[in-house]
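one predicted model, sequence on top.
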Amino acid sequence: MKVTVLGAGAVGAMLGGLIKRYDPTVDMLFLARGEHGRRMRESGGVELHGPWGRCHVPVRVSDRLADLAGSSVVLLGVKSQDTEEVAQKASEHLGRAVVVSVQNGINQRVLSNHVSPKRLVVGMTATNMAIVAPGVVSLQRNGITVVGAGTEQTPSTIVEQAEAVLAKSRLAVRSERNVLGVQYNKLLMNTMGYASVLSDSNFITEGILDRGWRRAVAMPILAEGLRVLDNAGIELVRTPGLSDVLRFRRLLATIDAPPVAAVLRLVLTKLVVPKRIVYSVYQDLVRGRKTEIDFVNGEIVRLAETHGTEAPLNATVVEMVRELERREPGSFFSRENVVSRFEGIARRQSL
Ligand SMILES: NC(=O)c1ccc[n+]([C@@H]2O[C@H](COP(=O)([O-])OP(=O)(O)OC[C@H]3O[C@@H](n4cnc5c(N)ncnc54)[C@H](OP(=O)(O)O)[C@@H]3O)[C@@H](O)[C@H]2O)c1
């Protein structure tokens, strides 16, 4: 079986690499570019870091889209802002391939313009991976990956096929009928996480464990997102652990009592999230690139507008990230500046 990772960056190279590691019979092809792609081509594979230690997994690596022809499964690993262009260019080579996207953002609308609606599988991954050096990818945080039908025409057998291929990675994978509810669950978590990037803050230790940021930024952004989804009639589907946004909201609500905060600080920093979560928006800002913000906080803004309401807090995150995109790479706002901007919006809303 030929599996192609289209955009073998952090997520794509880790998932594809683990699939190949545990099932060497898979004909795995990475489509990759830049220095990362060059290193993988030269070394004939990818180096994976994780709880297993370090390993080098041999895979074929190419930068020619046409090479994906003949694939049974194409795992889409590009960021949301590159999706439309890549899917459009890849479409003539896809044949009968099942296309699987576990990207952040709700990309099924765009993808179904270029991919057969009968062979589109979408979902989300609560893992965190990072390219730590060209050709080297690290699993920073393990978590569940959930997939489901990308359109109403995607049969369950196709979802099962995608699930079975992803499960070869030996990471936790499951399928879900209301996959949109799972995707929005993750998306709401990211609306807060991406706000922490505005000030280059560690989401857990400098974000939610900081009373000022938590109250002015995280809790109101989450409340706004939940209101927008409710208004749009979108039902969230629960996910395991703290990656579930409703469980996370309960945690935010109970965290204010000082003894609770102290215990939680210990648990969260030492046990649950020992490593900083590296958000896609952060990576792009330090590399001086356009970010995925329009597909996460921007998605909430669009959804609100579609249903005749507004999402001013998420709109502010979008606006501030756009400002950072225009600045020197690696430039951020101060935390005080971020907190005071959000406090100002709350004051105006209560007038
Ligand atoms: N990283 C995580 O932990 C994580 C977790 C959950 C979800 N996600 C989501 O998963 C998606 C992928 O994220 P990521 O972190 O894996 O991003 P990433 O490391 O930037 O990987 C994307 C890769 O696609 C490549 N690419 C883009 N266009 C291409 C083309 N035309 N041909 C070949 N390669 C191309 C990029 O190359 P260039 O660098 O040259 O553009 C990059 O190597 C995003 O939607 C992200 O939000 C990420």
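Arrived safely, thanks for sending.

just to be sure, residue 24 is in a helix?
No - under the criterion used here (DSSP: H, G, I helix; E, B strand; the rest coil), residue 24 is coil, not part of a helix.

okay, it: pLDDT?
Predicted confidence (pLDDT) for residue 24: 98.

what of residue 244?
At residue 244, the model reports a pLDDT of 94.

also residue 7?
pLDDT, residue 7: 98.

ok, it - how many residues close by?
Look at residue 7: counted by other Cβ atoms under 10 Å, it has 22 neighbours. C-beta here means a position set from N, CA and C on the backbone, and glycine is covered the same way.

that one and residue 81 touch, don't they?
No - between residue 7 and residue 81 no contact is recorded; they are 11.6 Å apart, counting by Cβ atoms under 8 Å.

contacting residues around residue 217?
If you count contacts by Cβ atoms under 8 Å, 6 or more residues apart in numbering, residue 217 has them with 192, 195-196, 207, 338-339, 342.

could you say which helix or strand contains residue 337?
The secondary structure element spanning residue 337 is helix 335-350 (assigned by DSSP states H and E).

which residues touch that helix?
Judged by Cβ under 8 Å, 6+ apart, the contacts made with helix 335-350 from elsewhere in the structure are 195, 198-199, 201, 206, 210, 212-213, 216-217, 220, 312-313, 316, 320.

can you map out the helices along this structure?
When assigned using DSSP state H, the helices of the chain occupy the ranges 10-22, 34-43, 80-90, 108-111, 156-167, 179-197, 211-213, 219-231, 245-254, 258-266, 280-286, 297-306, 312-326, 335-350.

out of these, nearest to residue 53?
Nearest to residue 53 among the helices of the chain is helix 10-22; the distance by Cβ to Cβ comes to 12.1 Å.

what sits up against the closest one?
For helix 10-22, the external contacting residues (Cβ under 8 Å, 6+ apart) are 3, 5-6, 8, 26, 28, 30, 32, 36, 40, 45-46, 48, 50, 55, 57-59, 75-78, 102-103, 125, 127, 129-131, 137, 139, 145, 165-166, 168-171.

against residue 138, how distant is the closest residue to residue 54 other than its chain neighbours?
On the basis of Cβ to Cβ, 6 or more residues apart in numbering, the spatially nearest residue to residue 54 that is not a chain neighbour turns out to be residue 47, at 6.4 Å. Here the criterion is Cβ to Cβ, to the nearest Å. By it, residue 47 lies 9 Å from residue 138.

circling back to that earlier point, could you give the mean pLDDT of the helix holding residue 337?
The average of the pLDDT scores along helix 335-350 is 93.

what angle do that helix and helix 312-326 make?
Using axes from the mean of the first three to the mean of the last three Cα atoms, to 10 degrees, the direction of helix 335-350 lies 150 degrees away from that of helix 312-326.

quick one on the thing from earlier: Serialize the helices of the chain to JSON lines and add fields for mean neighbour count.
As requested, these are exported to JSON lines (neighbours: other Cβ atoms under 10 Å):
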{"stretch": "helix 10-22", "mean neighbour count": "26"}
{"stretch": "helix 34-43", "mean neighbour count": "17"}
{"stretch": "helix 80-90", "mean neighbour count": "18"}
{"stretch": "helix 108-111", "mean neighbour count": "18"}
{"stretch": "helix 156-167", "mean neighbour count": "19"}
{"stretch": "helix 179-197", "mean neighbour count": "25"}
{"stretch": "helix 211-213", "mean neighbour count": "16"}
{"stretch": "helix 219-231", "mean neighbour count": "20"}
{"stretch": "helix 245-254", "mean neighbour count": "15"}
{"stretch": "helix 258-266", "mean neighbour count": "12"}
{"stretch": "helix 280-286", "mean neighbour count": "22"}
{"stretch": "helix 297-306", "mean neighbour count": "21"}
{"stretch": "helix 312-326", "mean neighbour count": "19"}
{"stretch": "helix 335-350", "mean neighbour count": "14"}
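
from the contacts of helix 10-22, which ones fall inside strands?
Among the contacts of helix 10-22, the residues falling in strands (DSSP state E) are 3, 5-6, 28, 30, 45-46, 48, 50, 55, 57-58, 75-76, 125, 129-131, 137, 139, 145.

which among these count as buried?
By neighbour count, with 16 or more other Cβ atoms under 10 Å, the ones in strands among the contacts of helix 10-22 hold 3, 5-6, 28, 30, 45-46, 48, 50, 57, 75-76, 125, 129-131, 137, 139, 145 as buried.

that older thread, who's in contact with the residue nearest to residue 54?
Counting by Cβ under 8 Å, 6+ apart, residue 47 touches 54-57, 135-137.

residue 8 now?
16, 30-32, 36-37, 40, 46, 61, 77.

in terms of contact, does residue 148 touch residue 158 like I think?
No - counting by Cβ under 8 Å, residue 148 does not reach residue 158; the two are 10.4 Å apart.

how about the residues of the stretch 251-351 of the chain by the ligand?
Taking Cβ under 6 Å from any ligand atom as the test, the list of the stretch 251-351 of the chain residues beside the ligand reads 280, 292.

what's the nearest residue to the closest residue to the ligand within the chain if we skip its chain neighbours?
At 1.7 Å from the ligand, residue 9 is the closest residue in the chain, using Cβ to the nearest ligand atom. When the adjacent residues along the chain are set aside, residue 9 lies closest to residue 77, with 5.5 Å between them (Cβ to Cβ, 6+ apart).
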